[in-house]
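Visitor: Here is the input, now give the coordinates:
(chains A and B)
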Amino acid sequence: MKNNLLYIEDDKEIGAWVSDDLSERGYHVIWLTSGDGALDCMEEIDLVILDIMLPGLDGFSIGQRLKKHYPMTPILMLSARTSIDDKLQGLHFADDYVTKPFHPDELAARVEVLLRRFGKISPPLIQLSHLSIYLDQNRIIDTRSNNEIALTGKQFQIFTYLLRHPNQILTKEQIFEAVWGYPYIAGDKTLMVHIRHLREKIEENPSNPQIIETIRGIGYRVKQ
Amino acid sequence: MRFRHSLLAKYLLIIMVALIIWPFVLPAYFIPSYLLDKDFPQKAQYMDTNKLKKMWHHEAAKLGGFSSEKVDQKLHTLKEQYPLASMFWVDGAGKTKLVLSEQKNIPAQWTLENSIEFMNQSDEDPVTFVSYIGEKQSNGFMVFQIPPSITKLPTLSLIDDKLLALYAFLVFGLFLFVSWLFFFKIRKRLIHLQTAMTETKENGIPEKIAINKKDEISELGKAFNHMIDELIKSRQYEKEEEGLRKQLIANISHDLRTPLTAIRGHAYTLQKEPLSSKGKDSLHLIENKVDLLSHLLENLLSYTLLSAGKYTLQSKETDIIRFIRESMAGWYPVFEKEGFKVDVNLPEKAIIWNIDPHWFMRILDNLYQNVMRHAKSGRYIGVQIVDYEGETAILIEDRGPGLDVTTDKKGAGIGLSIVSLMLQEMQFGWKIMSSPKGTQIYLYEKKENPELNKI
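Guide: Below is the predicted model:
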């Protein structure tokens, strides 16, 4: 199933290039050169890519309006305005902010992450070395023995949080606060213990983990 | 300001009132005794001796040619009127007739000798009036005597009259109190004014003062309020100008970036075409230059804003360990892609620094970018917390050729200038140690200068 992206950009050259590139990457792109009519097609849109300097209403106003009506649709600001003030203003309602000039691979990666984060794509099956993960069914199968791996609630939450942020390094503070829901206290070993138990269950060799990678001094990452 | 509203007028009024009431102060003291003491009018009639004397002569003159009984009768009436006086009269033959007196030594028959004796014997020297009846010696004379003590006016001696002393003290005290009240109020208002001028609102401007009087201090307050208005106006103007400048810079940035994005897009599209290896190299170079130009632009604009003081610093307590870790999480893939060894070594406890997170992110980004651009050959970046000359410091380390080596990738200058400016604004210190084997950059929180605190 193709994801529908709404792309609002007034520069013809950039607009044509980006919508072509994203179409090639397998998205269905609706490209508008101004905010007019954006609300009308929001029903089937999975993600909005929004410029700021637009004829008529600016991107901030459009974005706020869209977010108000469709809070569950992620908005990615793509702008040549790079000042901190602009970024802060944008991130009040938008979910990501990419500055021009950007690399198309980076844009695609960020779009992917946002779609994942908002549950717009839940791949029915994630294949990670010897694991088959059915995220929507909360099932993890060891393909070597075809046995289901049973995780505790917290282990599962940690694992899915990492899976929903593919290829992203997550610090232990981020993981802890996402899973436990309260601020991480420096020196707390709870998360490390949980990850060790998690690895014992899912890794082939827990002392040399391949699935959940440790980035020393920074955090953890699941490559997909 | 009208004169009647002024403080001067008020104080003059106080002084005037004091001067005017002064003559009435003493009489006022006797009013209660005059009203309360019923004998007072009685006593008062003896005080004016001239008047008594006249009265006595007058009465004596009227009695000319009257019989002894008539004279007796008249004396009785006078005695009733002046009960404290002694009276007697002597007929033409020198014989004492009616005596209305407690005095025992009045001779029955008046001769020259006993007259003199009578005059000398009274030890108290009474006030005495002698008048010939009918103004003729032959008719005899009548005598009116009162003790001198009762003819005296009431004394005004503060020593004798304790009540009067207290009264005078009270009157004087009242005047002092009113004066004090006057100056106390002025002082209070001045202090209030001073506090109002010193205390500032969150915008750094003091609040306006409420004015409900029309005197000199209120005029001062009005002038102060006027000044506040001017200050607010100029702040507003400054803000507008700042906004315009930021807007201008944002627009320039935007207008330069849009074509850069298009170049990047075309280069990317070209990459997908079949190209010779030379063509591919060129394309790669174009992409790199686009990146470099974009960073330069960013730094140039930041520097312009920063050096003009147009970035506002918003420091807050931040756990620097967590902050470094999160910034490194973003940069790790970039270094990883270039084959860097990333060595992050942070302690397991929070270190709280007072920083502006956006600024600090910018500082770290610029430093990482520098490593990425100028120290690629070292393939190493290390970030750790160390002790630098007694301060907790962040150490960012690379194994590049050092900063002194000129590379073809210029632009480190402005990036580091921004770092320097931002650190200075945030009261941070930094130290670069560069050698051909690598560069070490230490960032540390400056201890507040004790010398500065003294002032």
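Visitor: So the one residue in chain A that gets nearest to chain B: helix, strand or coil?
Guide: Using CB to the nearest CB, the closest approach of chain A to chain B is made by A:Gly217 at 2.9 Å. C-beta coordinates here come from the backbone N, C-alpha and C atoms, glycine included. Secondary structure assignment for A:Gly217 (DSSP: H, G, I helix; E, B strand; the rest coil): coil.
Visitor: Could you tell me how many residues sit around the residue nearest to it when sequence neighbours are not counted?
Guide: Among residues not flanking A:Gly217 along the chain, B:Val344 sits closest, at 2.9 Å (CB to CB, 6 or more residues apart in numbering or on different chains). Neighbour count for B:Val344, taken as other CB atoms under 10 Å in any protein chain shown: 18.
Visitor: B:Val344 falls within a strand, correct?
Guide: Yes: counting by three-state DSSP, B:Val344 is located in a strand.
Visitor: wait, what's in contact with it?
Guide: B:Val344 sits next to A:Ile215, A:Arg216, A:Gly217, A:Ile218, B:Ile324, B:Arg325, B:Met328, B:Gly382, B:Val383, B:Gln384 when contact means CB atoms under 8 Å, 6 or more residues apart in numbering or on different chains.
Visitor: May I have the predicted confidence score for the fifth one?
Guide: Think B:Ile324. pLDDT recorded at B:Ile324 is 93.
Visitor: Helix, strand, or coil at it?
Guide: Under three-state DSSP, B:Ile324 comes out as helix.
Visitor: Give me the distance between it and B:Ile394.
Guide: Separation of B:Ile324 from B:Ile394 (CB to CB, to the nearest Å) stands at 7 Å.
Visitor: who has more neighbours, those two?
Guide: When B:Ile324 and B:Ile394 are compared for neighbours, B:Ile394 comes out ahead with 27 against 23, by other CB under 10 Å.
Visitor: Surely the more buried one touches B:Phe323?
Guide: No: look at B:Ile394 against B:Phe323 with CB atoms under 8 Å: they stay out of range, at 9.7 Å.
Visitor: what bridges to the residue of the stretch 201-350 of chain B found nearest chain A?
Guide: Relative to chain A, the nearest point of the stretch 201-350 of chain B is B:Val344 (2.9 Å; CB to the nearest CB). For B:Val344, the beta-bridge partners are B:Val383 (DSSP bridges).
Visitor: show me what contacts the residue positioned nearest the centre of chain A?
Guide: Per CA atoms, centre = their mean, the C-alpha nearest to the average position across chain A is that of A:Val113, at 2.2 Å. Each residue near A:Val113 by CB under 8 Å, 6+ apart is listed here: A:Asp96, A:His165, A:Pro166, A:Gln168.
Visitor: where does it fall, helix, sheet strand or coil?
Guide: At A:Val113 the chain is in helix, as set by three-state DSSP.
Visitor: pLDDT weak spots in the chain?
Guide: All of this is about chain A. Across chain A, the ranges flagged by pLDDT under 70 are A:1, A:122-124.
Visitor: please go with chain B instead
Guide: B:1, B:37-41, B:104, B:121-124, B:153-160, B:310, B:404-412, B:448-455.
Visitor: how is it carved up into domains?
Guide: The record assigns chain B these domain ranges, following automatic domain parsing: B:3-42+B:155-190, B:48-151, B:217-291, B:312-454.
Visitor: Need those domains in TSV (columns: distance to A:Asp40).
Guide: As requested, the domains of chain B are exported to TSV (distance: least, CB to CB, whole Å):
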stretch	distance to A:Asp40
domain B:3-42+B:155-190	66
domain B:48-151	116
domain B:217-291	27
domain B:312-454	36
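Visitor: Looking at those, which is nearest to A:Leu151?
Guide: Comparing the domains of chain B by their distance to A:Leu151 (CB to CB), the top pick is domain B:312-454, with 24.5 Å.
Visitor: close to chain B, is stretch A:180-195?
Guide: Yes: for stretch A:180-195, a contact with chain B is found by CB under 8 Å from any CB of the partner chain, at A:Tyr184, A:Ala186, A:Gly187.
Visitor: Contact partners for A:Leu198?
Guide: By CB under 8 Å, 6+ apart, A:Leu198 lies in contact with A:Leu151, A:Gln155, A:Ile158, A:Phe159, A:Ile212.
Visitor: got it, and B:Ala196?
Guide: For B:Ala196, the contact set (CB under 8 Å, 6+ apart) comprises B:Pro206, B:Glu207, B:Ile209, B:Phe224.
Visitor: What helix or strand is it located in?
Guide: Element membership of B:Ala196, judged by DSSP states H and E, is helix B:162-198.
Visitor: to the chain's geometric centre, what's the distance from the helix or strand just after that helix?
Guide: Next helix or strand after helix B:162-198 toward the C-terminus (DSSP H and E): helix B:216-271. On the basis of CA atoms, centre = their mean, to the nearest Å, helix B:216-271 sits 37 Å off its chain's mean C-alpha point.
Visitor: is the helix or strand just after helix B:216-271 up against chain A anywhere?
Guide: Going down the chain from helix B:216-271, the next helix or strand is helix B:277-307, by DSSP H and E. Yes: Helix B:277-307 comes into contact with chain A (CB under 8 Å from any CB), by way of B:Val290, B:Asp291, B:Ser294, B:Glu298, B:Leu301, B:Leu305.
Visitor: Buried subset of those as a ChimeraX selection?
Guide: ChimeraX command restricting the residues of helix B:277-307 next to chain A to the buried ones, with burial defined by 16 or more other CB atoms under 10 Å in any protein chain shown:
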select /B:290,291,294,298,301,305
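Visitor: There's contact between B:Phe335 and B:Ala329 in this structure, I believe.
Guide: No: in this structure B:Phe335 lies outside contact range of B:Ala329 using CB under 8 Å: 11.4 Å.
Visitor: Mind telling me what element the residue lying farthest from the centre of chain A is part of?
Guide: The C-alpha centroid of chain A is most remote from A:Ser145, which lies 31.6 Å away (CA atoms, centre = their mean). Under DSSP H and E, no helix or strand contains A:Ser145.
Visitor: mind checking the SS state of A:Ile30?
Guide: Classification of A:Ile30 by three-state DSSP places it in strand.
Visitor: May I ask you to confirm that it is in contact with A:Asn3?
Guide: No: here A:Ile30 does not reach A:Asn3: they are 11.4 Å apart, not a contact under CB under 8 Å.
Visitor: So B:Asn354: helix, strand or coil?
Guide: strand.
Visitor: Just give the closest residue to it, not the sequence neighbours.
Guide: Closest residue to B:Asn354 apart from its sequence neighbours, by CB to CB, 6+ apart: B:Ser315 at 4.9 Å.
Visitor: wait, what's in contact with that neighbour?
Guide: B:Asn354, B:Ile355, B:Asp356, B:Met426.
Visitor: again, but for B:Glu135
Guide: Counting by CB under 8 Å, 6+ apart, B:Glu135 makes contact with B:Ala60, B:Ala61, B:Gly64.
Visitor: Residue numbers of chain A in contact with chain B?
Guide: Contacts of chain A with chain B, taken as CB under 8 Å from any CB, map to A:11, A:13-14, A:17-18, A:21, A:53, A:79-86, A:88, A:99-104, A:167-171, A:173-174, A:184, A:186-187, A:215-219.
Visitor: quick one, what contacts residue 125?
Guide: No chain specified, so I'll use chain A. Counting by CB under 8 Å, 6+ apart, A:Leu125 touches A:Ser132, A:Ile133, A:Tyr134.
Visitor: Let me rephrase: I mean chain B.
Guide: For B:Asp125, the contact set (CB under 8 Å, 6+ apart) comprises B:Pro148.
Visitor: Let's verify it: helix, strand, or coil?
Guide: At B:Asp125 the chain is in coil, as set by three-state DSSP.
Visitor: now A:Ile52: how far from A:Phe60?
Guide: Going from A:Ile52 to A:Phe60 by CB to CB gives 6 Å.
Visitor: Quickly list what's touching both of the two.
Guide: Joint contacts of A:Ile52 and A:Phe60 (CB under 8 Å, 6+ apart) are A:Gly90.
Visitor: higher neighbour count, these two?
Guide: More crowded of A:Ile52 and A:Phe60, by other CB under 10 Å: A:Ile52, with 23 against 20.
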